[in-house]
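Enquirer: Please work out how this folds:
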Amino acid sequence: MAEEEPVGLSYASAGVSIDAGNRLVDLIKPLAKATARSGCDAALGGFGGLFDLKAAGYKDPILVMGTDGVGTKLKIAQECGIHDTVGQDLVAMCVNDILANGAEPLAYLDYFACGKLDVDAARQVVAGIAAGCSIAGCALLGGETAEMPSFYASGEYDLAGFAVGAVERDALLPQATIEAGDVVIGVASSGVHSNGFSLVRRVVSDQGLPYDGPCPFAEGKTLGCALLAPTKIYCKAVLPVLRDGRAKAFAHITGGGLLENIPRVLSPDVLVHLDAGSWDVPAVFSWLASCGRIAPREMARTFNCGLGAVLIASPGAADSVLRDLQAAKHTAWCVGHVKTRGENTEQVTIDAIDRLVQPLATVSPVVRSTAGKRVAVLISGSGTNLQAIIDDLAKPCNTYAHIVLVMSNKDGVFGLERAKKACIPTQVISHKAYKERTLYDEKLHEALVAANADIVLLAGFMRILSEEFVKKWSGRMLNIHPSLLPSFRGHNAHEQVLAAGVRLTGCTVHFVEPEVDAGGIIVQKAVPVGAGDTLDVLQDRVKTVEHYAYPEALKLLATGKVQRADNGRVVFS
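Expert: Residues are numbered from 1 along each chain as shown. Alright, predicted model coming up:
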């Protein structure tokens, strides 16, 4: 009997999965494609990415390039299992930098490195990168995914990014005309942004706080979620005032804080004098300074302290610059002035610098918002739509509703962890403990009544509810379906869409009726169906718009702008 030949080694046996890499590429192609702009179609797959400067309208351009990473903020994202925000951080760190030369970001490349490729986590990261590119107005031309076994620990990954921008030669910044008397305008940050996280993590560690516990400086959030607030991208708001010459300089406040970054746009003969009492210092900085006993000057040379960017304008242009920034939905203030610099004088001085380390007692207490309608969410799985609703209701302006209970028919699902991280009460009622569906539904109803719920949202709840239950919550219960109803009802909507060969699908938020997927329609969002779409790619594209549709529908119902009439029709007011 012949001996079997020994099986040879493969790349997979060495720890690198080509198949996983290909699956990731299939998932992210539509994300990149959505960032296409004039000069570039953002198609992935080639050896290099192309950009046509002439098609983008440039006549005598200077190319400006920037590269950066996210740093140890990634450690928090990985520990929390939240991967969809750091991509925006990565883009922001590069595109905000090249704004300092007056450059419009045109194209972006990313590098994702890991020990073992987690396709879902990587897709979330790239989705964040694509979202950041859309905010910045640049095309995601491509990137590199490196799976390196034994180089990174399990669950770890690192990111780097590279932005290419352009500016007309006669519009390069900073201008040489900055002089004493010019006005310094500060633009608000979203928090820590992406610098100083080694110090942030040291403070958290010294305090013995878990990232999934309540945040000590932000209402209704976990510490991890609050610290992972993505870096603001300033391009679209700032470029108009840079191009028309009203702003003489733009400084991105990154590593080195206020003291190290503002001098990068100044000539040696001038300085900037800031008044720390002229802008709002976010509570996170007060908390860090208090818990870490960080000196005011150390705060100012490490963190942005509430100013993500600084612009310099003449006194005559300052008011219009400020108005335009505020009209673009950015909070901004006049925060100081340019002065003549004396010998041996620092280039940034700060009045009221102790305000950067104000006592922790001034920070808002940790109280989850209880404003508006009381909402209960029913889930059976990972809870991505639940997370979208949690995030939307966490915005300070959204006081129309709050979640009082997240309930699941299955224990251990990730959606319950999402709720716990947001300090939302959870409850598991297993359907397996009830022989009849009506008995199970009665138990659900009792729990909802005990929670004083006003509105019930089905977010991936994989149970068909009885007619009696539905009638009890008529006009107060919503569901979301992954198609443009009334087309493609049922649990396999994406398969139906692909089989039918249609070129448009989407999602629908509707009132729940006893007949499945038949309730009155409140919100619909459409997405294209690509000729080569796989089930996973289509599902991911639809899921993206679901995360906007469901919060929008909830707001309409909670504010009384939509109602279900007695005849089942939807009435908008």
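Enquirer: quick one: residue 373 from residue 386, how far?
Expert: For residue 373, the distance to residue 386 equals 16 Å [Cβ to Cβ, to the nearest Å]. Glycine gets a C-beta too; all of them are placed from N, C-alpha and C.
Enquirer: looking at it, residue 504 is touching residue 484, isn't it?
Expert: Yes: with contact defined as Cβ atoms under 8 Å, residue 504 counts as touching residue 484 (7.2 Å).
Enquirer: More neighbours: which of these two?
Expert: residue 484 (21 against 11; other Cβ atoms under 10 Å).
Enquirer: That one and residue 536: what is the separation?
Expert: Counting by Cβ to Cβ, the gap from residue 484 to residue 536 is 20 Å.
Enquirer: cool, residue 67 as well?
Expert: Residue 67 is 31 Å from residue 536, by Cβ to Cβ.
Enquirer: Next: residue 191.
Expert: 33 Å.
Enquirer: Give the helix, strand or coil label for residue 12.
Expert: Judged by DSSP: H, G, I helix; E, B strand; the rest coil, the three-state class of residue 12 is coil.
Enquirer: Report the contact partners of it.
Expert: 18-19 (Cβ atoms under 8 Å, 6 or more residues apart in numbering).
Enquirer: what pLDDT does it get?
Expert: Per-residue confidence (pLDDT) for residue 12: 80.
Enquirer: how close does it sit to residue 21?
Expert: Distance of residue 12 to residue 21, given as Cβ to Cβ: 11 Å.
Enquirer: got the buried residues for the lowest-mean-pLDDT helix or strand in the chain?
Expert: Least confident helix or strand, the chain: helix 18-33 with a mean of 79, by mean pLDDT, DSSP states H and E. Buried residues in helix 18-33, counted by 16 or more other Cβ atoms under 10 Å: 20-21, 23-24, 26-33.
Enquirer: And for stretch 159-178?
Expert: For stretch 159-178, a neighbour-count test (16+ other Cβ under 10 Å) marks 159-168, 171, 173-175, 178 as buried.
Enquirer: could you dump that stretch to PDB, C-alpha only?
Expert: What follows is stretch 159-178, C-alpha atoms only, in PDB (Å, rounded to 0.1, in the frame of the first residue of the first chain):
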ATOM      1  CA  LEU A 159      -3.700  52.100  11.800                       C
ATOM      2  CA  ALA A 160      -1.800  54.600   9.700                       C
ATOM      3  CA  GLY A 161      -3.200  57.000   7.000                       C
ATOM      4  CA  PHE A 162      -1.900  59.200   4.300                       C
ATOM      5  CA  ALA A 163      -3.700  62.200   2.800                       C
ATOM      6  CA  VAL A 164      -2.900  64.000  -0.500                       C
ATOM      7  CA  GLY A 165      -4.300  67.500  -1.000                       C
ATOM      8  CA  ALA A 166      -3.700  70.500  -3.300                       C
ATOM      9  CA  VAL A 167      -3.700  74.200  -3.100                       C
ATOM     10  CA  GLU A 168      -3.200  76.800  -5.800                       C
ATOM     11  CA  ARG A 169       0.300  78.200  -5.600                       C
ATOM     12  CA  ASP A 170      -0.900  81.800  -4.800                       C
ATOM     13  CA  ALA A 171      -3.100  80.500  -1.900                       C
ATOM     14  CA  LEU A 172      -0.500  78.700   0.200                       C
ATOM     15  CA  LEU A 173      -0.700  79.200   3.900                       C
ATOM     16  CA  PRO A 174       0.300  80.600   6.300                       C
ATOM     17  CA  GLN A 175       0.300  84.100   4.900                       C
ATOM     18  CA  ALA A 176       3.300  86.300   5.600                       C
ATOM     19  CA  THR A 177       1.100  89.100   6.600                       C
ATOM     20  CA  ILE A 178       0.300  88.000  10.200                       C
END
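Enquirer: begin at 33 from here
Expert: Fine by me, first position is 33 from now on; the one you just mentioned is stretch 191-210.
Enquirer: what pLDDT, on average, does that stretch get?
Expert: Stretch 191-210 shows a mean pLDDT of 96.
Enquirer: more crowded one of residue 405 and residue 418?
Expert: Neighbour totals were compared for residue 405 and residue 418, and residue 418 leads with 27 against 18 (other Cβ under 10 Å).
Enquirer: Please tell me I have it right and residue 367 contacts residue 311.
Expert: Yes: the pair residue 367 / residue 311 is scored as a contact, 5.2 Å apart, by Cβ under 8 Å.
Enquirer: can you map out the strands along the stretch 233-382 of the chain?
Expert: Counting by DSSP state E, counting those that start in this stretch, the stretch 233-382 of the chain has strands at residues 279-284, 302-307, 339-345, 364-372, 380-383.
Enquirer: again with the stretch 33-182 of the chain
Expert: Under DSSP E, counting those that start in this stretch, the stretch 33-182 of the chain gives strands at 93-101, 136-146, 171-179.
Enquirer: And for the stretch 383-532 of the chain?
Expert: 405-411, 433-440, 458-460, 487-490, 509-513.
Enquirer: Let me see the mean pLDDT of the fourth one.
Expert: Strand 487-490 shows a mean pLDDT of 97 in the predicted model.
Enquirer: show me where pLDDT drops low in the protein?
Expert: Along the chain, the model assigns pLDDT under 70 to residues 33-38, 74, 76-77, 390-402, 428.
Enquirer: how about the longest helix seen in it: buried residues?
Expert: Counting by DSSP state H, the longest helix found in the chain is helix 567-590. Going by neighbour count (16+ other Cβ under 10 Å), the buried part of helix 567-590 is 569-579, 581-583, 585-590.
Enquirer: Distance from the chain centre to it, please.
Expert: 15 Å (Cα atoms, centre = their mean, to the nearest Å).
Enquirer: Now do that helix and strand 433-440, the angle between them.
Expert: 130 degrees (axes from the mean of the first three to the mean of the last three Cα atoms, to 10 degrees).
Enquirer: which helices and strands does the next helix or strand after helix 567-590 pack with?
Expert: Proceeding N to C from helix 567-590, the next assigned helix or strand is strand 594-596, under DSSP states H and E. Here strand 594-596 touches helix 567-590, strand 602-604, going by 3 or more Cβ pairs under 8 Å, 6 or more residues apart in numbering; DSSP states H and E.
Enquirer: sorry, back to before: I'd like the strands of the stretch 383-532 of the chain laid out as a markdown table, including distance to residue 84.
Expert: Converted to a markdown table, those look like this (distance: least, Cβ to Cβ, whole Å):
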| stretch | distance to residue 84 |
| --- | --- |
| strand 405-411 | 46 |
| strand 433-440 | 47 |
| strand 458-460 | 52 |
| strand 487-490 | 46 |
| strand 509-513 | 40 |
